[in-house]
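Student: just coords:
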DNA sequence: TATCGGTCGATACACTGTATCGCTCAACCC
DNA sequence: GGGTTGAGCGATACAGTGTATCGACCGATA
């Protein structure tokens, strides 16, 4: 039976009151502070003042804890707006926002099947807002936007981490890569790439995300009459 | 102890000749066979008939090994074609193909900055083929396609795994989820979603991928004159 | 009151990435 | 050439991981 429908064990009066919610909240706090690799069952249990094995009354596996964490983040993703385009745009923005608040989210999305209640609720909102659009288009459209968002969010977080671990902002980081890239490009093996890096536009993260999203939505729009 | 009774030192095994290539190839074989979590420095070293610490002469960190593995897969990704659209389509297909041959690739792409030679060579090919397209469009276009592919490939691999771990094909798996989804939908909390799942199209993986990619490429095309 | 069933934490196990540290051996310099 | 050095190598060690097992406890039931 899946975590989602398996009932929590009955509330026990004694030592430290525990619940999936408390466990997940603690895990998320750890992940927010120090990244996913800081989330271990022992640490979560320690935060809650409890032995590690105690958690296995609430989850069967660490993976299930991660699933619960992801679903909890989906609770923050509340798409809204009128019409398919506004809603899909809102879905993308909200997902991106969640990944900025919880960078570890980017490591997890798309990596396991998500069928938790908050995830489904998010899907419900989107599905409801697609009203009128032919399902033959609506379904792949949602899938395409989701796929784009997953990839875009991962790239953005990856880049942010790279910048942070070198203690630099975007410009400094690109400059710091200079030595390696300059030597590499100096070999002459990547002339077109060198030209693109040298002459291409340097868009900030916001604009990059929105431009790509625009492509996807425009492509979808071309298939929707009206 | 006198020499006479002291045993000779154990026959020294001639150290196995090692190289990054050999290490990476072994790691990839392990990952292909049993997934990413089967790749440990100890196992890789064992396959090569070598102590684990030996690897640290070639890499500083396990993450570096993973980076090398990813770059090695990029060697298989050789986009081709005439014109920006064909090339971007080919890039997407080739990436997807690589992820099907190396499912673990889907766990890694987009997760770390990729600056390896094969990755750059792949970028070079794409950049070169965008000739003529305004860089103001070309750069975000490549980014958008890449993002879409990352997300789509992750979803596809995730789904494939879910099906496989239950020993079912797509239809069976959807049927097996039935009980959970039916109960969940029976609560009436997700009417629109239930309708979509019930009435929506059931596309196979190929068509889903291509349809989404079509959206992205169409959206890009709308920004490119001619 | 005695028993029972479920829950708790301690302990244990196999495994991980990697730091440390002698040892060995080939190459170098005097 | 002989002594020294420096690099490569493996054994050992350490702190940490997810989780199986199991004895002890405790509340509810008979």
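Tutor: Yep, that arrived. Predicted model only: the values in this text are computed from it and were never measured.

Student: use CA for all of it now, contacts and neighbours both
Tutor: Will do.

Student: counting contacts, what elements does the longest helix anywhere in chain A pack onto?
Tutor: For chain A, the longest helix by residue count, based on DSSP state H, is helix A:135-165. With contacts defined as 3 or more CA pairs under 8 Å, 6 or more residues apart in numbering or on different chains; DSSP states H and E, the packing partners of helix A:135-165 are helix A:83-101, helix A:104-108, helix A:205-221, helix B:135-165, helix B:191-199, helix B:205-221.

Student: what residues sit buried inside that helix?
Tutor: Neighbour-count burial for helix A:135-165, counted by 16 or more other CA atoms under 10 Å in any protein chain shown, picks out A:135, A:137-160, A:162-163.

Student: contacting residues around residue A:150?
Tutor: Counting by CA atoms under 8 Å, 6 or more residues apart in numbering or on different chains, residue A:150 touches A:106, A:109-110, B:147-148, B:150-151.

Student: ok, now with 6 Å
Tutor: Going by CA atoms under 6 Å, 6 or more residues apart in numbering or on different chains, residue A:150 touches residue B:151.

Student: same thing with residue A:130?
Tutor: Per CA under 6 Å, 6+ apart, neighbours of residue A:130: residue A:84.

Student: let me know the pLDDT of it.
Tutor: We note a pLDDT of 92 for residue A:130 in this prediction.

Student: equivalent analysis for residue A:165, please.
Tutor: Confidence score, pLDDT, at residue A:165: 72.

Student: repeat for residue A:17
Tutor: Looking at residue A:17, its pLDDT stands at 75.

Student: the one 5 residues further on now?
Tutor: In this model, residue A:22 is scored at 94, pLDDT.

Student: picking up where we left off before, distance between the longest helix of chain A and the chain's centre?
Tutor: 8 Å (CA atoms, centre = their mean, to the nearest Å).

Student: one step back: looking at the helices and strands packed on helix A:135-165, which is closest to DNA strand C?
Tutor: Comparing the helices and strands packed on helix A:135-165 by their distance to DNA strand C (CA to the nearest atom of the strand), the top pick is helix A:104-108, with 17.8 Å.

Student: list the contacts of residue A:32.
Tutor: Residue A:32 is in contact with residue A:102, counting by CA under 6 Å, 6+ apart.

Student: next, the angle helix A:83-101 makes with the host helix or strand of it.
Tutor: Using DSSP states H and E, the element containing residue A:32 is helix A:20-34. For helix A:20-34 against helix A:83-101, the angle by axes from the mean of the first three to the mean of the last three CA atoms, to 10 degrees is 70 degrees.

Student: do helix A:20-34 and DNA strand D meet?
Tutor: No. Helix A:20-34 does not reach DNA strand D (CA under 7 Å from any atom of the strand); its nearest approach is 10.4 Å.

Student: and that helix, how far out from the chain's middle?
Tutor: Here the centre of helix A:20-34 is set off from its chain's centre by 16 Å, with CA atoms, centre = their mean.

Student: and chain A, what are its domains?
Tutor: The record's domain parsing of chain A by automatic domain parsing lists A:20-73, A:78-223.

Student: need the least confident one among the ones you listed, by mean pLDDT.
Tutor: Lowest mean pLDDT within these: domain A:78-223, a mean of 92.

Student: that domain spans what distance, first to last residue?
Tutor: One end of domain A:78-223 sits 26 Å from the other (CA to CA, to the nearest Å).

Student: return the distance of it from the chain's centre.
Tutor: Centre-to-centre, domain A:78-223 and its host chain are 10 Å apart (CA atoms, centre = their mean).

Student: circling back: name the residues of the helix or strand just after the helix holding residue A:32 that are buried.
Tutor: For helix A:20-34, the succeeding helix or strand toward the C-terminus, using DSSP H and E, is helix A:41-47. By neighbour count with 16+ other CA under 10 Å, helix A:41-47 contains the buried residues A:41, A:43-45.

Student: stretch A:95-113 too?
Tutor: Within stretch A:95-113, the residues scored as buried using 16+ other CA under 10 Å are A:95-96, A:98-100, A:102-112.

Student: can you pull the residues of chain A lying near chain B?
Tutor: Taking CA under 6 Å from any CA of the partner chain as the contact definition, chain A meets chain B at A:110-112, A:124, A:127-128, A:135-136, A:144, A:147-148, A:150-152, A:154-155, A:158, A:190, A:192-193, A:200-201, A:212, A:215-216, A:218-220.

Student: please identify which of the buried residues of stretch A:95-113 is nearest to residue B:80.
Tutor: Each of the buried residues of stretch A:95-113 was scored against residue B:80 by CA to CA, and residue A:110 proved nearest at 28.0 Å.

Student: where's the closest one relative to DNA strand C, distance?
Tutor: Separation of residue A:110 from DNA strand C (CA to the nearest atom of the strand, to the nearest Å): 23 Å.

Student: same check, this time on residue A:117
Tutor: In this view, residue A:117 and DNA strand C are 24 Å apart by CA to the nearest atom of the strand.

Student: where does that residue fall, phi/psi-wise?
Tutor: Phi and psi for residue A:117, reported as degrees, to the nearest 10, are phi -60, psi -40.

Student: what is the burial count for it?
Tutor: Using other CA atoms under 10 Å in any protein chain shown, residue A:117 has 19 neighbouring residues.

Student: repeat that for residue A:37.
Tutor: The burial count for residue A:37: 9, using other CA under 10 Å.

Student: could you find the closest non-adjacent residue to it?
Tutor: If the residues on either side of it in the chain are set aside, residue A:37 comes closest to residue A:31, at 7.5 Å by CA to CA, 6 or more residues apart in numbering or on different chains.

Student: cool, residue A:118 as well?
Tutor: Per CA to CA, 6+ apart, closest to residue A:118 is residue A:75, 5.0 Å.
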